[in-house]
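Novice: Sequence and predicted structure, then a few things I'm wondering about:
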Amino acid sequence: MQCVFEPINVAVARWVRLKDEKRLAEFRLKGYDNLAVDHAGELVYLAPTRINMGLTEERWPEIEFLTTRENLAA
């Protein structure tokens, strides 16, 4: 299997925590271009700028954007 690396523009990465599955599905659709899944299968939001991160937090106040994956268990 061959691996390919591509450059991406990411200033901030935050793990996503939201218990409302319907809202999470909506967030996945709207934020598709900025979402990834880490090696443990956890959803991560990749913001291209800190301003983008701030705007996303304002638009989605019910989502917790966590700085480390360890906080997901809390």
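Specialist: Cool, the structure landed. Numbers count the residues shown, from 1 in each chain.
Novice: right, and residue 53 touches residue 47 too?
Specialist: Yes: the pair residue 53 / residue 47 is scored as a contact, 3.8 Å apart, by C-beta atoms under 8 Å. For glycine as for every other residue, the C-beta is placed from the backbone atoms N, C-alpha and C.
Novice: Show me the common contact partners of the two, please.
Specialist: Shared contacts of residue 53 and residue 47, defined by C-beta atoms under 8 Å, 6 or more residues apart in numbering, comprise 11-12, 14.
Novice: Could I get the phi/psi values of residue 16?
Specialist: phi -100, psi 130 (degrees, to the nearest 10).
Novice: tell me, how many neighbours does it end up with?
Specialist: Residue 16: 19 surrounding residues under other C-beta atoms under 10 Å.
Novice: so it touches residue 62, yeah?
Specialist: No: Residue 16 is not in contact with residue 62 according to C-beta under 8 Å; the separation is 11.0 Å.
Novice: tell me which element the most centrally placed residue in the chain falls in.
Specialist: The residue lying closest to the centre of the chain (C-alpha atoms, centre = their mean) is residue 45, at 1.6 Å. Per DSSP states H and E: residue 45 is located in strand 43-47.
Novice: Contact partners for the residue lying closest to residue 14 once chain neighbours are set aside?
Specialist: Nearest non-adjacent residue to residue 14, counting by C-beta to C-beta, 6 or more residues apart in numbering: residue 65, 3.7 Å away. Residue 65 sits next to 14-16, 45, 53, 56-57 when contact means C-beta under 8 Å, 6+ apart.
Novice: do the same with residue 47
Specialist: 10-14, 34, 53, 56.
Novice: Residue 11 too?
Specialist: So residue 11 contacts 47-50, 52-53 (C-beta under 8 Å, 6+ apart).
Novice: Would you mind writing the ChimeraX command to select the buried ones in these?
Specialist: A single ChimeraX command selects the buried members of the contacts of residue 11 (16 or more other C-beta atoms under 10 Å):
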select :47,52,53
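Novice: Sounds good, over and out.
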